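Undergrad: Sequence and computational prediction follow.
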Amino acid sequence: MKKLSLVILIMAVLLLGGCNLVEGINSNNESEENSASEDNNDNQSNPDDKYVPVQEYTGEGYTLANGKETDRIANENRDVVEDAVKQFFQEEYKTEVKVHQIVGNVDGATVFVESVGEPHFYTYAIVPIDKANESIRTDKVWSQEGQVEGAIIAGIYGMIMKEEFQHLNNLIEEINSKYNLTGLNERAIAIGANQYSTQYYFMNILPNGYFKFVYDKYIKNPDRNVEEWAEIIDVDKIDPEEINVAINLYMAEKGQEPDQKAFQELVKKVEEDDDIPKGNYGVFLHDNKIDKKSATGHKDNSLTRSYPDDIIKE
């Protein structure tokens, strides 16, 4: 099950064209794919142009392969794209969303959204574009199989495990304060649309195994509150390997290499703390720079603890 989940996650990242979910499965090949198109050739002459301090990164400059022309068309028709995506989520998933960023891809636009209210999650939909006629195919909006379903489930899990996730936040902030680390700029959280996300980590759940019935119940009644969901979901029956949590932190000072001592202490705390949410954890510490085109901090000097040596919290 774990290997199958990883394969599905990798396929989803490849289809999207690049996404910071890649850091949660310990691969950086997709960020290379993002910069491989003709749209990114300007970076080849000056590689430093692709990086910005993580505190300054708001998602501006994020690109998908071969999406320059569709990006222009989509953003020139932003109102049309937004309305189509909002309608799609209401009709298909009975969920209200707000649109964050619209990014052109080879055949259309990838639209990153955030749910309104609870369950709270980030995800995306894809709007096809007829480049020859510069028209938006509002009747053909779609999402990749399992992506939105998994995001909804992750949001529900985040609801019922609110105290445990707050404990994880406190643990991370203690390390951040001690070693001068930081997370994403909050304005950049939506980029990559990683289901249940904060500035420090994201959680990904596939809509299969134990969690499949959760999505089915959501579609029948999306207005359940946290108490009702807590009665429905038996946390003791959840396999932690169905839940992937990736903690991504950065050095707060420019030019500073990832701190090995800080990384080791963070890993140890995750290993030893029994009050954080059940799940399969990867831990990553990067320098201060983030690739603005791929929204990833993963580089050769990043410190990594992940598959096949990830941390399982029962």
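TA: Perfect, I can see it now. Residues are numbered from 1 along each chain as shown.

Undergrad: what mean pLDDT does stretch 153-170 have?
TA: Per-residue confidence for stretch 153-170 averages out to 97 on the pLDDT scale.

Undergrad: Now tell me what touches it from outside.
TA: Stretch 153-170 is contacted from outside by 115, 118-121, 195-196, 198, 200-201, 203-205, 207, 211, 214-215, 218, 226, 229-230, 233, 235, 243, 273, 275-278, using C-beta atoms under 8 Å, 6 or more residues apart in numbering. (Glycine included, C-beta is placed from N, CA and C.)

Undergrad: Now which of the residues you listed would you call buried?
TA: For these, burial is judged from neighbour counts taken by 16 or more other C-beta atoms under 10 Å, and it is met by 115, 118-121, 195-196, 198, 200-201, 203-205, 207, 211, 214-215, 218, 229-230, 233, 243, 276-278.

Undergrad: quick one, strands of the protein?
TA: 51-53, 97-104, 108-115, 122-130, 135-136, 181-182, 196-197, 201-205, 243-251, 279-286, 289-291, 303-305, 311-313 (DSSP state E).

Undergrad: Make a markdown table out of those strands and add mean pLDDT and distance to Val85.
TA: Supplementary listing: the strands of the chain in a markdown table, determined by pLDDT from 0 to 100; distance: least, C-beta to C-beta, whole Å:
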| stretch | mean pLDDT | distance to Val85 |
| --- | --- | --- |
| strand 51-53 | 96 | 27 |
| strand 97-104 | 97 | 6 |
| strand 108-115 | 97 | 5 |
| strand 122-130 | 97 | 5 |
| strand 135-136 | 97 | 10 |
| strand 181-182 | 98 | 31 |
| strand 196-197 | 95 | 19 |
| strand 201-205 | 95 | 21 |
| strand 243-251 | 97 | 26 |
| strand 279-286 | 98 | 29 |
| strand 289-291 | 97 | 26 |
| strand 303-305 | 98 | 34 |
| strand 311-313 | 97 | 35 |
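
Undergrad: out of those strands, nearest to Leu266?
TA: Ranking the strands of the chain by their distance to Leu266 (criterion: C-beta to C-beta) puts strand 279-286 first, at 5.9 Å.

Undergrad: Distance from the chain centre to the closest one, please.
TA: Here strand 279-286 shows a centroid-to-chain-centroid distance of 13 Å under the convention C-alpha atoms, centre = their mean, to the nearest Å.

Undergrad: Also stretch 292-301?
TA: How far stretch 292-301 lies from its chain's middle: 14 Å, per C-alpha atoms, centre = their mean.

Undergrad: likewise stretch 262-279?
TA: Using C-alpha atoms, centre = their mean, the offset of stretch 262-279 from its chain centre is 21 Å.

Undergrad: Make 838 the starting number, not 1.
TA: Fine by me, first position is 838 from now on; the one you just mentioned is stretch 1099-1116.

Undergrad: Mind listing what's buried along that stretch?
TA: Quick answer for stretch 1099-1116 (16+ other C-beta under 10 Å): 1099-1100, 1103-1104, 1106-1107, 1113-1116.

Undergrad: any chance of the residues you listed in a markdown table, with distance to Met1088 too?
TA: Below are the buried residues of stretch 1099-1116 laid out as a markdown table (distance: C-beta to C-beta, whole Å):
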| residue | distance to Met1088 |
| --- | --- |
| Ala1099 | 8 |
| Phe1100 | 10 |
| Leu1103 | 13 |
| Val1104 | 16 |
| Lys1106 | 18 |
| Val1107 | 19 |
| Ile1113 | 23 |
| Pro1114 | 26 |
| Lys1115 | 29 |
| Gly1116 | 25 |
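
Undergrad: farthest-separated two in those residues?
TA: Ala1099 and Lys1115 (25.0 Å).

Undergrad: Mean pLDDT per helix and strand in this protein: which one sits at the bottom?
TA: With mean pLDDT, DSSP states H and E as the measure, the helix or strand of the chain carrying the lowest mean pLDDT is helix 866-871 (a mean of 35).

Undergrad: List the contacts of the closest residue to Glu893 other than its chain neighbours.
TA: The spatial neighbour of Glu893 that comes closest, neighbours along the chain excluded (C-beta to C-beta, 6 or more residues apart in numbering), is Asn1022 at 7.0 Å. By C-beta under 8 Å, 6+ apart, the contact list for Asn1022 reads 891-895, 1036.

Undergrad: With respect to Lys1126, which of those residues is nearest?
TA: Distances from these to Lys1126 were compared by C-beta to C-beta; the smallest belongs to Val891, at 7.0 Å.

Undergrad: Show the pLDDT at that closest one.
TA: On the pLDDT scale, Val891 is placed at 97.
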